[in-house]
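Take this sequence and fold it.
(2 chains)
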Amino acid sequence: MDLIVTKGITKIYNPNKIPVHALQGIDLTIKKGEFTAIVGPSGSGKTTLLNIIGGLDRQTEGTVWIEGTDLTNLSDNKLIDFRKNKIGFVFQSYNLIPVFTAAENVGFIMLLQKRSKNEIDTRVLNLLKSVGIVEQMNKRPNQMSGGQQQRVAVARALASKPKFVLADEPTANLDSKSTTDLLDIMENLNKKEDMTFIFSTHDQRVIDRAHRVITIEDGKVVSDVNSSIN
Amino acid sequence: MLLKLAWRNIWRNKRRTLITVASIFFAVLFSIFMNSFQKGAWVRMLDNIVNYYYGYGQIHKKGYWDEKTIDDALELNEELLQLPAKIKGLNLIIPRLETFALLSSGEHTSGMMIIGTIPDTEDKLTQLKSRITEGTYFDKNDKALLIAEGVKDLLKVNLGDTLVILTQGYHGVNAAGKYPVKGIVHFASPDLNKRMIYLPLAEAQILLGATSMATSLALQLDDKDYLKSVIVELQERLDAETYEVMDWHAMLPDLVEAQKTDAAGNYIFLLVLYLIISFGIFGTILMMMKEREYEFGVLLSIGMSRRLLAFATWIEILFMALLGIIFGMLAALPLVYYFKINPIDFSQYGEGMAETYAKWGFDPIFPTVMDASLFYSQAILVLIITSLLALFAVWKVYKLKPVEAMCD
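The predicted structure is shown next:
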């Protein structure tokens, strides 16, 4: 099943001054359950592509369909709603809400979805268990290590029951042990729950674990390798 | 959860929050105290002026107040004398017969104001008896005068000396009489102190050929809050073609203007104070928005609606304002109460100041007033100002682009 389809995605920054062509006609199809890494040198357009797929930014030309919905036609408010219900985000700097505990951070998005308290409590506990951080549930981000915070961020990304998770350089700030643990967790979720993960990364450890590696250079896809070895 | 988010957020940068809360705290404290002090001073001044002579209102024959001539005296009839029994809040009416006269003693002559009044009722309104500095208070059957201290000096008279009065009575009759001085009265106002002469009403009526007449009926109220209703009821009951009913606003327009001018000065000061505070709060909002731009971008990215994010930010700013307001009000309460029971006495700060106030007819004593409206009006004002300033944060949230916000 095609989860994400992009056709001719072009992104030009400063079109009226000195135009910067960040993306130049990207055509991609990502199926449900993929564990995909988008790689490329700095400035190649990985993050821009992720932002457009995640509905955080709008392309200059082209179309993005998520489960058949054309994001181009969604208003700003509908796009926020779409992100809340369909997409999970994991950021390089974790970006947890500093005044919330781990559990509150995970539960917050479900509150935005107006889920019941019981459902939230149960799911928060299960998610924190699944990322192996249930003991830290009452700690605030500044009381946790980077690896622990990133696990909470993964739990938060999954809390809304999204269709896929976009992870922008999720291991960039982590040590080897934390990176391995995090990748184990995500890979496990991918296998067990068929959750789709799309990473933008430089990290060879992530690339090595990805099932599909899309390489972008100068805003164009230069290679798209599907590997079943992993 | 949004309230929790807002509440915890204000403690993320404790120093900034404390500075903002402190600035609101001092604004509320100063504005409540200043308003309370200003209102207290005016209430006191008004009481002084009104209770020294005029009363909170008066009844005259129509047209008397414009000319103030004895020819416009009114007939003291039962309808008028029974009014206190019929009107709620009207405690007493004090009939007076007032005119100007020449007073003479030996070789000294001067123009004075003669007030014929009923000693007992006059004392109830103006506490005239308590202001006797020499001699004794008069009674209604006396054929004697009370004179102000300044008159004593001006005419070089002492207790028991006789003063000659020469004037024109009702409808032009010649009025002349001689009366001994029974008492000397102190008036704070130098103006009143050099021209006030009291006679018992009955004797004044005989002297001026105005039997059963009075030029004014001063009103004593159970409480000044009854003023409006008493005036309205008097206007309804009394024939408007015959009588005029005036409250102190109408009788003393200069005082009303002075009060307005003073209030305007106070408003300008408060405006400046709130302007400074507003800039302080706005600075906090600007810093907060800049510091949290990235975080707001993240919240929008993960699916928090702009409406909720704007609301949480707005509430966060209001929480800070509420803290400042609550502490400001709590601090103002004992301060205002203290100065209510221990008014500031400006006579302690130099004789000149006391004399200046005395010249205007009131004591240099300034109490505060405990008026709930002074407290909540400032609270509401600060809340409105902060709410409006917080709209900037709301606007910023609505303009925020998540991708740009998350670009460090």
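
pLDDT score assigned to whichever residue of chain B sits closest to chain A?
The minimum distance from chain B to chain A, using Cβ to the nearest Cβ, falls at B:Gly303 (2.4 Å). Where C-beta positions appear, they are placed from N, C-alpha and C, glycine not excepted. Confidence at B:Gly303, expressed as pLDDT, is 88.

Geometric centre of chain A: which residue is closest?
Residue closest to the mean C-alpha point of chain A, counted by Cα atoms, centre = their mean, is A:Leu166 at 1.2 Å.

residues contacting the residue nearest to that one when sequence neighbours are not counted?
Among residues not flanking A:Leu166 along the chain, A:Gly54 sits closest, at 4.8 Å (Cβ to Cβ, 6 or more residues apart in numbering or on different chains). Listed by Cβ atoms under 8 Å, 6 or more residues apart in numbering or on different chains, the contact set of A:Gly54 reads A:83, A:87, A:89, A:166, B:301.

Same question for B:Phe392.
For B:Phe392, the contact set (Cβ under 8 Å, 6+ apart) comprises B:282, B:285-286, B:289.

rerun that using 10 Å as the cut-off
B:281-282, B:285-286, B:289, B:313, B:317 (Cβ atoms under 10 Å, 6 or more residues apart in numbering or on different chains).

B:Phe327 too?
Neighbour list for B:Phe327: B:21-22, B:24-26, B:28-29 [criterion: Cβ under 10 Å, 6+ apart].

gap between it and B:Gln378?
13 Å (Cβ to Cβ, to the nearest Å).

so what's in contact with the two at the same time?
Joint contacts of B:Phe327 and B:Gln378 (Cβ under 10 Å, 6+ apart) are B:28-29.

Show me which of the contacts of B:Phe327 are buried.
B:21, B:24-26, B:28-29 (16 or more other Cβ atoms under 10 Å in any protein chain shown).

Okay, and which of these map to helices?
Members of these lying in helices (criterion: DSSP state H): B:21, B:24-26, B:28-29.

Now stretch B:146-153: buried residues?
Using 16+ other Cβ under 10 Å as the test for burial, stretch B:146-153 gives B:146-152.

all helices for the stretch 151-300 of chain B, in order.
Secondary structure of the stretch 151-300 of chain B (DSSP state H, counting those that start in this stretch): helices at B:190-193, B:201-208, B:227-237, B:248-251, B:253-291, B:293-302.

export the ones you listed to CSV and tack on distance to B:Ile114 and mean neighbour count?
Shown next, in CSV, are the helices of the stretch 151-300 of chain B (distance: least, Cβ to Cβ, whole Å; neighbours: other Cβ atoms under 10 Å in any protein chain shown):
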stretch, distance to B:Ile114, mean neighbour count
helix B:190-193, 13, 16
helix B:201-208, 6, 22
helix B:227-237, 26, 17
helix B:248-251, 19, 17
helix B:253-291, 24, 14
helix B:293-302, 79, 22
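
For chain A, which residue gets nearest to chain B?
A:Lys84 (2.4 Å).

Once you drop chain neighbours, what's closest to that residue?
Per Cβ to Cβ, 6+ apart, closest to A:Lys84 is B:Gly303, 2.4 Å.

I figured that neighbour hits A:Ile109, correct?
Yes - using Cβ atoms under 10 Å, B:Gly303 makes contact with A:Ile109 at a distance of 6.2 Å.

which neighbours do the two share?
Counting by Cβ under 10 Å, 6+ apart, the residues touching both B:Gly303 and A:Ile109 are A:83-85, A:88-89, A:160, A:162.

Now for chain B, the helix or strand with the poorest mean pLDDT.
Using mean pLDDT, DSSP states H and E, the weakest-scoring helix or strand in chain B turns out to be helix B:351-359, at a mean of 68.

ugh, typo on my part, it should be chain A
Least-confident helix or strand in chain A using mean pLDDT, DSSP H and E: helix A:176-193, a mean of 86.

helices or strands next to that helix in the packing?
Under the contact criterion of 3 or more Cβ pairs under 10 Å, 6 or more residues apart in numbering or on different chains; DSSP states H and E, helix A:176-193 touches strand A:35-39, helix A:117-130, helix A:146-159, strand A:164-168, strand A:196-201, helix A:204-209.

closest one to B:Asn9 among those?
With Cβ to Cβ as the criterion, B:Asn9 lies closest to helix A:146-159 of the helices and strands packed on helix A:176-193, at 18.0 Å.

Tell me the buried residues in the closest one?
By 16+ other Cβ under 10 Å, the buried positions in helix A:146-159 come out as A:147-159.

What about chain B: which of the residues you listed touch it?
A:153, A:156-157, A:159 (Cβ under 10 Å from any Cβ of the partner chain).

residues near residue 178, how many?
Went with chain A since none was named. 18 (other Cβ atoms under 10 Å in any protein chain shown).

Switch to chain B, please.
13.

Could you measure from it over to B:Ser104?
9 Å.

orientation of the longest strand anywhere in chain B relative to helix B:201-208 in degrees?
Ordering each strand of chain B by length in residues (DSSP state E) puts strand B:90-105 first. Put simply, strand B:90-105 runs at 50 degrees to helix B:201-208, going by axes from the mean of the first three to the mean of the last three Cα atoms, to 10 degrees.

ok, and for strand B:90-105, which residues are buried?
For strand B:90-105, a neighbour-count test (16+ other Cβ under 10 Å) marks B:90, B:92-99, B:101, B:103-105 as buried.

Okay, now the sheet partners of the next helix or strand after it, with direction.
The helix or strand immediately downstream of strand B:90-105 is strand B:108-117, counting by DSSP states H and E. Partners of strand B:108-117 in the sheet, by DSSP bridges, are strand B:90-105 (antiparallel), strand B:196-200 (parallel).

could those go into TSV alongside distance to B:Asp66?
What follows is these, written out as TSV (distance: least, Cβ to Cβ, whole Å):
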stretch	distance to B:Asp66
strand B:90-105	15
strand B:196-200	22
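
Could you dump those strands into TSV and include mean pLDDT?
Listed next are the strands paired with strand B:108-117 as TSV, based on pLDDT from 0 to 100:
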stretch	mean pLDDT
strand B:90-105	93
strand B:196-200	95
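
Can you check which of those strands gets nearest to A:Thr10?
Minimum separation from A:Thr10 across these (Cβ to Cβ) falls at strand B:90-105, 87.4 Å.

In the chain, where is pLDDT below threshold?
Because you didn't say which chain, this covers chain A. Within chain A, the segments meeting pLDDT under 70 span A:228-230.

was after chain B, sorry
B:350-351, B:353, B:357-362, B:408.

domains of it?
Split into domains by automatic domain parsing, chain B comes to B:2-50+B:255-407, B:63-239.

So what's the gap between the first one and the chain middle?
Going back to what we said before, that points to domain B:2-50+B:255-407. Centroid separation for domain B:2-50+B:255-407 versus its chain: 24 Å, with Cα atoms, centre = their mean, to the nearest Å.
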